[in-house]
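Visitor: Pasting the sequence and the predicted coordinates here, then a few questions.
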Amino acid sequence: MSDRWYQKAVVYCLDVDTFQDSDGDGVGDLRGLIGRLDYLARLGVTCLWLNPIHPTPGRDDGYDASDFYGVDPRLGSLGDFAELLHEADNRGIKVIIDLVVNHTSDQHPWFQSARSSPDSPYRDWYVWSDTEPSDRNQGMVFPGEQDETWSYDRTAKAWFYHRFYKFQPDLNFANPEVREEIKRIIAFWLQLGVAGFRIDALPFIIELTEPGNPDSPKDFDFLTELREHAQWRRGDAVLLAEANVEPAKLVDYFGTGPKANDRVHMLFDFMLNGRLVLALAREEPEQLIDALRDTPMLPAGGQWATFLRNHDEIDLSRLTAEQRAEVYEAFGPDEDMRIYDRGIRRRLAPMLGNDRRRLELAYALQFSLRGTPVLRYGDEIGMGEDLSLDGRQAIRTPMQWSVLPNGGFSSAASDKLVRPVVSGGDFGYEQVNVTAQRHDPTSLLSWFERMIRTLREAPEVGAGSCTHVDVAVPAGVLAHRADGPTGCMLFVHNLGRRPATVDLGKLAIDADHPNDVLADQEYPEVGDLSELKVAGYGYRWIRLNRSPAS
């Protein structure tokens, strides 16, 4: 892959502890993941994104790290991690890990030292206030689960800041020593061989928190420092970041100017995700068309990461209250399906009624839009959620490999598992598992393999332009195209349930023997593009032309 390998990647996100258990203790581990790399390679994955792997007290699924330089013993050792990197590289798969450094666990030695004495060398590594801050009850990330963002520590005799839970005190990024430590952490893991990092809660890493100021200033120069540091250590290292902020501010996270990509390489496209879910709920594409038109121009090398589901809730906070209500009605009608007054804690298959047509349509659409697609583990087989689990844990259940006990995830007793395997009903491991779908050429898994192979043959989708084809089309239909040095692809997706015929004859001038390369069914020849038929919830990927050099 090139130094911009991320523009043509397929990213697969997983929790090591719920993927595959190799030693029968009920917890997934790195050796278990190594044993499943061939599965991921066959699927077409080119980049693994691992959710937190560091030692942790385990109060927030690993996001409360107590040591940024180690591997949680439940998952294995640094030696196991090095072996994972080696085996993944043998299969052409890069590995990125979560960088969760806006806070630490309150059990981290840094915080334990900081709270012990005002003279501790780590005291100023955290954010303190001697008096109760006026913004104590503002800025909660988890409304309904948090009551405050400042808590009083009796040992320290001071208030400490925590944007997230009370047991996750925020680091003080106004302190140069903290910045240098973050750089050392990055250098350590790059030296081991990771290809980059998914940076959690990026806006809070550059926030210079001031007690009593709910809108503290942000230091974007620190992002430039991190980018320079990472790329000096590994030229092709990638920074993929989470920044769910106002659209007007997004470009600032990519670079210092309209042509400078000197900060993060990639951002998750939360705005597109919210509009995509709304479009699926409405069964019409207007919100997606607006998203494509409203997307800010990125500097060369900047890239969006697209997703339908990730490891958290579907975040609808960027939609209006009325739009959010529409999505809730369609996909989260029960209060138990919702979370934080802004999201849905379900997987996509049950959200779409386990309708195979709509699942294919949704993922074909996501993978054809501009940016790099990110896929959550288990979605390639249509896994469901377990709403009896708390909060976000509902979509963090063990991978379903077979009809063996515990879905083939672990040989441990079921009551020893890190989390229960979904069992029974339409989404239980007895019905939904890798082995059954591997032997079925018509399965969702087989479809994903074909779709990703097709995507690999269309590099202009990730690295080229993505534009809406502005012609009159039947209700529910979206037509867009991707253009790049390698050629041009045309995409027609019908979000509605009724079949449609689309006239895209105006594009014939750009076509050279156009043909379907992926479709939901067999269609008549493409011809002159003037009578393109597409079924209800159907889709067609059409190769218009290919560069002779590609």
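Guide: Done, it's in.
Visitor: shouldn't residue 115 be in contact with residue 152?
Guide: No: look at residue 115 against residue 152 with Cβ atoms under 8 Å: they stay out of range, at 11.2 Å. Quick note: C-beta positions are derived from backbone N, CA and C, even for glycine.
Visitor: Give me the more crowded residue out of the two.
Guide: Neighbour comparison, residue 115 and residue 152: the larger count goes to residue 115, with 22 against 13 (by other Cβ atoms under 10 Å).
Visitor: Contacts for the helix or strand hosting the more buried one, please.
Guide: Residue 115 belongs to helix 109-116 when elements are defined using DSSP states H and E. With contact meaning Cβ atoms under 8 Å, 6 or more residues apart in numbering, helix 109-116 is reached by 66, 104-106, 120-123, 125-126, 153, 155-156, 160, 169.
Visitor: Take those and keep only those in helices.
Guide: Using DSSP state H, no member of these falls within helices.
Visitor: out of the residues you listed, who's nearest residue 6?
Guide: Residue 6 lies nearest to residue 104 out of the contacts of helix 109-116, by Cβ to Cβ, at 28.0 Å.
Visitor: Can you report phi and psi for the closest one?
Guide: Torsion angles at residue 104 (phi, psi; degrees, to the nearest 10) stand at phi -130, psi 170.
Visitor: for the chain, what's the longest helix?
Guide: With secondary structure taken from DSSP H, the chain has its longest helix at helix 176-192.
Visitor: and the next element down the chain from it?
Guide: As assigned by DSSP H and E, the chain's next helix or strand after helix 176-192 is strand 196-199.
Visitor: Can you give me the pLDDT of the residue lying closest to residue 347 once chain neighbours are set aside?
Guide: Take residue 347 and drop its neighbours on the chain: the residue closest to it by Cβ to Cβ, 6 or more residues apart in numbering is residue 385, 4.8 Å away. In this model, residue 385 is scored at 98, pLDDT.
Visitor: can you count the residues close to residue 385?
Guide: By the criterion of other Cβ under 10 Å, residue 385 has 24 neighbours.
Visitor: residues touching it, list them.
Guide: 345-347, 350, 394-395, 397, 422, 427.
Visitor: Give me the domain ranges for this protein.
Guide: What automatic domain parsing lists as the domains of the chain is 5-104+176-453, 109-161, 465-546.
Visitor: Return, as residue ranges, the portions of the stretch 451-550 of the chain with sub-threshold pLDDT.
Guide: Residue ranges of the stretch 451-550 of the chain with pLDDT under 70: 549-550.
Visitor: Would you mind measuring from the residue nearest to residue 73 when sequence neighbours are not counted to residue 68?
Guide: Nearest residue to residue 73 in three dimensions, chain neighbours excluded: residue 55, at 7.0 Å (Cβ to Cβ, 6+ apart). For residue 55, the distance to residue 68 equals 9 Å [Cβ to Cβ, to the nearest Å].
Visitor: these two touch, right, residue 23 and residue 31?
Guide: Yes: counting by Cβ under 8 Å, residue 23 touches residue 31, with 7.3 Å between them.
Visitor: out of these two, which sits in the more crowded spot?
Guide: Shown here are residue 23 and residue 31; by other Cβ under 10 Å, residue 31 has more neighbours (17 against 13).
Visitor: does that one belong to a helix or a strand, and which?
Guide: Assigned by DSSP H and E, residue 31 belongs to helix 30-34.
Visitor: other SSEs contacting that helix?
Guide: Judged by 3 or more Cβ pairs under 8 Å, 6 or more residues apart in numbering; DSSP states H and E, helix 30-34 is in contact with helix 78-90.
Visitor: can you state the direction angle for the helix it packs on and helix 176-192?
Guide: On the basis of axes from the mean of the first three to the mean of the last three Cα atoms, to 10 degrees, helix 78-90 is oriented at 60 degrees to helix 176-192.
Visitor: returning to that earlier point: which of the contacts of helix 109-116 lies closest to residue 339?
Guide: Residue 339 has its nearest neighbour among the contacts of helix 109-116 in residue 105, at 22.7 Å by Cβ to Cβ.
Visitor: Now residue 238: phi and psi?
Guide: Dihedral angles (degrees, to the nearest 10) for residue 238: phi -120, psi 140.
Visitor: Could you check how many residues crowd around it?
Guide: Using other Cβ under 10 Å, residue 238 is surrounded by 26 other residues.
Visitor: Test for you: state the pLDDT assigned to it.
Guide: The predicted local confidence for residue 238 is 97.
Visitor: Skipping adjacent residues, who's closest to it in space?
Guide: According to Cβ to Cβ, 6+ apart, the nearest residue to residue 238 is residue 196 (3.4 Å).
Visitor: Output stretch 541-550 as PDB - backbone C-alpha positions only.
Guide: Extracted as PDB, the C-alpha positions of stretch 541-550 are listed here (Å, rounded to 0.1, in the frame of the first residue of the first chain):
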ATOM      1  CA  TRP A 541     -22.600  -0.200  -8.900                       C
ATOM      2  CA  ILE A 542     -21.800   0.600 -12.500                       C
ATOM      3  CA  ARG A 543     -18.300   0.900 -13.900                       C
ATOM      4  CA  LEU A 544     -18.400   3.800 -16.400                       C
ATOM      5  CA  ASN A 545     -14.800   3.800 -17.500                       C
ATOM      6  CA  ARG A 546     -11.400   2.800 -16.300                       C
ATOM      7  CA  SER A 547      -8.100   4.600 -16.900                       C
ATOM      8  CA  PRO A 548      -5.800   2.600 -19.300                       C
ATOM      9  CA  ALA A 549      -3.000   3.000 -16.700                       C
ATOM     10  CA  SER A 550      -5.100   1.500 -13.800                       C
END
